[in-house]
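In: Would you be able to build a 3D model of this:
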Amino acid sequence: MTITETARESLTANRIESLLSARLFVQPQLTDGRLYFISNSSGRLSLYVMDEAGGVPEPLLPPQIALQNPELLDGRGFVVLPELGRIIVMIDNDGDENYQPFFIPIDGGFPEPIAPETFAKFRSHLVDVDVEAAIAYFASESREEALICGLRCDLRTGAVETIGQSTYGAFPFAWTPDHVRVFLADQYLLGDVVLYEPDGAGGRRMLHGTLLEEREEGREYPLSGIASAHSTASGRGLLVVSTVFDDAGSPGYLALDGDGAIEPVELEGKLHSGRGELERLQHLEADRYAAIFNIDGCSWAYDASFDEGAKRLTLDRVLVGDGELANGVLHGLDLDRPSGRFAISFCTATTPTQLYVLDEAVPARRTRERALGLASDVLAAGEDASFESHDGLRVSARLYLPSSQLGHEGPRPVVYYVHGGPQGQERPDFAWFSMPLIQILTLEGFAVFVPNARGSTGYGLDYTKRVDRDWGGLDRLDHVFAMQEVLSKDERVDLSRAGVVGRSYGGYMTLMLAGRHPELWRAAVDMFGPYDLGTFAERVPATWKPFFELTLGNPDTNREFFVDRSPRTHIENIACPLLVIQGQNDPRVVEIESRDLVENLRGLGKAVDYLLFEDEGHDVLKLANRVRCYDRIVRFFSEHLGNAA
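Out: Residues are numbered from 1 along each chain as shown. As a prediction, the model looks like this:
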């Protein structure tokens, strides 16, 4: 019996709808027996609350307001302030990322801007909030010049003060419990982080590192790799995560009135094994922290205690990483101090995000999200496909094959998926855009190969920095090697029917691979990828330009590099059909960047389709748009790679 094309299209559409019917539940906070969280239950991201024991989520924002993807926020999306009877929430305009802080009543209501005369000038990120003191810290990017300000706001009065400002950060990184001392960070290239304290007279007292403008030309300055920092309960020092002693991150201690050296901190009680990083420490209370690890792409989190005198961090118990909360990704962890219970959001490659409440016993699941009408055994968990690349460097990768339950026979056409960043990582994460796409492609009979090429996070600082000033270089060759030397030896895939897809930097890499290695591909999908590195560097927000000059180079003095590494230089070689997807409000890769690509390709007589979402930014978030986007990608690959069924 054969399935007609009309029936197949209906089946594909139903499967996309089924996968996307699983709602998102992330960034939970537990307060007074109520669970607050961000969800897309209405088809767009918004703020909700429900009773701790479960129940029907109650919306807290008007339906026309859409929140941004929390993964794109540098900081917190919202914080509940029970004593004030309010919630502070960060809102932009349909993905333009011009975040502003607003108050809503704790039971929900219409947002009211906080200190609009100050924040209207900035694109702000809520670093954190001291709930008891009602003090919030922001990293606020100027919307007019290359300047970032560290701001402190008294949420009771609305008074805002500028703590410091810098071209490269002035991020409020830590503060003493009494808020008398605040410590700011500048970051240059990834891992190159310096800490300092404003001296009250417009100057800075260095706590660790050397400012960029004070460095001697030709001299090497060691990287601190500081990922997080918290004042100890005593206020005498900072507990940090850095790469000073371990390339994969380890705890360290920095005395506030010491010589600026980070001291090693002993780590006890680790139960996990594998390759990965200590991502960060999240302060819980006093000298108690959540220690959060990324191990082989999966989350581990421990309830940990710090002994400042002994310089020892003890991992007292596992919160995430075993049992029901294993082999997946954490999307928020919050301690309700009065009750001692944790609120947790967690998902895997085949299980959508779920909310849990955790005490000393087993985690209690509060949601039952699932892909409607799709049994778990038809979804692809993936298998390890790591390999040694062209120069012997190990590259982590996973291969997702259609479930045997689906009855597909013979070698599978392959879709090669490239993640964004470039300093990012593809993980077993149903909450991220890529995983539903991977799942729908495997349901349709495609194999999907997902590498974490050099430059990816999750495998130590040295690995991550291998893409600095080498966009489209050795990492591109990792992808070529994977196609020619790794997948070519796997009889389960058919490389004569191969397509490539990527978002953001992955879109850039898709264009580079299609232009410089056209013989490998029969179809390519670029989602908001930079097309011309020169115009891309000119068009990013002003506060991002100094960073891109460090990580890419100067478009004028490094013109030869910019030309060689721009997809624009190689588009005449593209031989396969191309689908370009873009959000109109994208501030990172602005719409004209993709439009230039499409118009130039059409001028060359190339086959190119353009899908533009007028109410999206650097993502596709709204349900109707996501359905349309996934459907278009699947149909595009089905048309050009041949019938995968």
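In: burial count for T464?
Out: The number of residues packed near T464 is 25, by other Cβ atoms under 10 Å. Any C-beta I mention is one placed from the backbone N, CA and C, and that applies to glycine too.
In: That one against Q425, yeah?
Out: No: if you go by Cβ atoms under 8 Å, T464 and Q425 don't touch, sitting 9.1 Å apart.
In: list the residues that contact both of these two?
Out: 456-457 (Cβ atoms under 8 Å, 6 or more residues apart in numbering).
In: do you know how far the closest residue to D246 other than its chain neighbours is from G424?
Out: Nearest residue to D246, sequence neighbours excluded (Cβ to Cβ, 6 or more residues apart in numbering): L278, at 7.9 Å. If you measure L278 against G424 using Cβ to Cβ, to the nearest Å, the figure is 18 Å.
In: Which residue of the two possesses the greater neighbour count?
Out: For L278 versus G424, neighbours defined as other Cβ under 10 Å are more numerous around L278 (24 against 20).
In: Can you check the pLDDT for the more buried one?
Out: Listed pLDDT for L278 reads 97.
In: Make sure I have this right: it is in a strand.
Out: Yes: counting by DSSP: H, G, I helix; E, B strand; the rest coil, L278 falls inside a strand.
In: Surely it and A290 touch.
Out: No: using Cβ under 8 Å, L278 makes no contact with A290, being 11.6 Å away.
In: quick one, helices of this protein?
Out: Assigned by DSSP state H, the chain shows helices spanning 5-20, 116-119, 434-443, 461-464, 474-481, 505-516, 533-539, 545-551, 559-564, 591-603, 623-641.
In: low-scoring stretches of this protein, by residue?
Out: Where the chain drops to pLDDT under 70, the residues are 1-13, 643-645.
In: Give me the most central residue, it.
Out: Residue closest to the average C-alpha location in the chain (Cα atoms, centre = their mean): E71, at 4.4 Å.
In: Give me the number of neighbouring residues for the residue nearest to that one when sequence neighbours are not counted.
Out: The shortest distance from E71 to any non-neighbouring residue, by Cβ to Cβ, 6+ apart, is to W432 (6.8 Å). Applying the criterion other Cβ under 10 Å, we find 21 residues in the vicinity of W432.
In: that older thread, could you dump the helices of the chain into CSV with distance to L330 added?
Out: Below are the helices of the chain laid out as CSV (distance: least, Cβ to Cβ, whole Å):
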stretch, distance to L330
helix 5-20, 21
helix 116-119, 30
helix 434-443, 15
helix 461-464, 20
helix 474-481, 27
helix 505-516, 23
helix 533-539, 32
helix 545-551, 27
helix 559-564, 38
helix 591-603, 33
helix 623-641, 23
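In: So which of the ones you listed is nearest T31?
Out: helix 116-119 (24.7 Å; Cβ to Cβ).
In: Need the residues that contact that closest one.
Out: 100-101, 113, 138, 140, 151, 160.
In: From the residues you listed, list the buried ones, please.
Out: 100-101, 138, 140, 151, 160 (16 or more other Cβ atoms under 10 Å).
In: Run through the residues that contact the closest residue to E308 other than its chain neighbours.
Out: Using Cβ to Cβ, 6+ apart and skipping residues adjacent in sequence, the residue nearest E308 is T232, 5.1 Å away. Listed by Cβ under 8 Å, 6+ apart, the contact partners of T232 are 238-239, 287, 306, 308.
In: Would you show me how to pick out the buried ones of those in PyMOL?
Out: In PyMOL, this line selects whichever of the contacts of T232 come out buried by 16+ other Cβ under 10 Å:
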select buried, resi 238+239+287+306
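In: Quickly check the contacts of T232 for the two that are furthest apart.
Out: Most distant of those, by Cβ to Cβ, are L238 and D287, 12.2 Å apart.
In: Now intersect the contacts of T232 with the strands, please.
Out: Judged by DSSP state E, the contacts of T232 include 238-239, 306 as members of strands.
In: Convert the C-alpha atoms of stretch 154-162 to PDB, please.
Out: Below are the C-alpha coordinates for stretch 154-162, written out as PDB (Å, rounded to 0.1, in the frame of the first residue of the first chain):
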ATOM      1  CA  ASP A 154      15.700  50.700  44.100                       C
ATOM      2  CA  LEU A 155      12.400  48.900  43.100                       C
ATOM      3  CA  ARG A 156      10.500  50.500  46.000                       C
ATOM      4  CA  THR A 157      11.200  54.100  44.900                       C
ATOM      5  CA  GLY A 158      12.200  53.600  41.200                       C
ATOM      6  CA  ALA A 159      15.400  55.500  41.800                       C
ATOM      7  CA  VAL A 160      18.200  54.500  39.400                       C
ATOM      8  CA  GLU A 161      21.900  55.100  39.800                       C
ATOM      9  CA  THR A 162      24.800  54.500  37.400                       C
END
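In: Test my guess that A349 contacts W432.
Out: No: using Cβ under 8 Å, A349 makes no contact with W432, being 10.2 Å away.
In: roughly how far apart are the closest residue to L239 other than its chain neighbours and A174?
Out: The shortest distance from L239 to any non-neighbouring residue, by Cβ to Cβ, 6+ apart, is to H230 (5.2 Å). Note on H230: its distance to A174, by Cβ to Cβ, is 6 Å.
In: Those two: which has the busier surroundings?
Out: More crowded of H230 and A174, by other Cβ under 10 Å: A174, with 27 against 22.
In: and that one, what is it in contact with?
Out: 182-183, 229-231, 238.
In: and for H230 and A174, which residues touch both?
Out: Common neighbours of H230 and A174, using Cβ under 8 Å, 6+ apart, are L238.
In: got the end-to-end distance for stretch 251-270?
Out: 13 Å (Cα to Cα, to the nearest Å).
In: Sorry, wrong one. I was asking about stretch 413-423.
Out: 28 Å.
In: Likewise for stretch 426-436?
Out: 13 Å.
In: quick one: contacts of that stretch?
Out: Here stretch 426-436 has contacts from 19-20, 22, 24, 26, 71, 294, 297-298, 327-329, 331, 347-353, 381-382, 398, 417, 419, 450-452, 456, 458, 503, 619-620, 626, 630, using Cβ under 8 Å, 6+ apart.
In: So which of those are in strands?
Out: Going by DSSP E, the strands hold 26, 294, 298, 329, 331, 347, 398, 417, 450-452, 503 from these.
In: Those residues into JSON lines, with extra columns for neighbour count?
Out: Formatted as JSON lines, these follow (neighbours: other Cβ atoms under 10 Å):
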{"residue": "V26", "neighbour count": "22"}
{"residue": "N294", "neighbour count": "24"}
{"residue": "C298", "neighbour count": "23"}
{"residue": "V329", "neighbour count": "22"}
{"residue": "H331", "neighbour count": "26"}
{"residue": "C347", "neighbour count": "26"}
{"residue": "R398", "neighbour count": "24"}
{"residue": "Y417", "neighbour count": "24"}
{"residue": "V450", "neighbour count": "23"}
{"residue": "P451", "neighbour count": "26"}
{"residue": "N452", "neighbour count": "24"}
{"residue": "R503", "neighbour count": "28"}
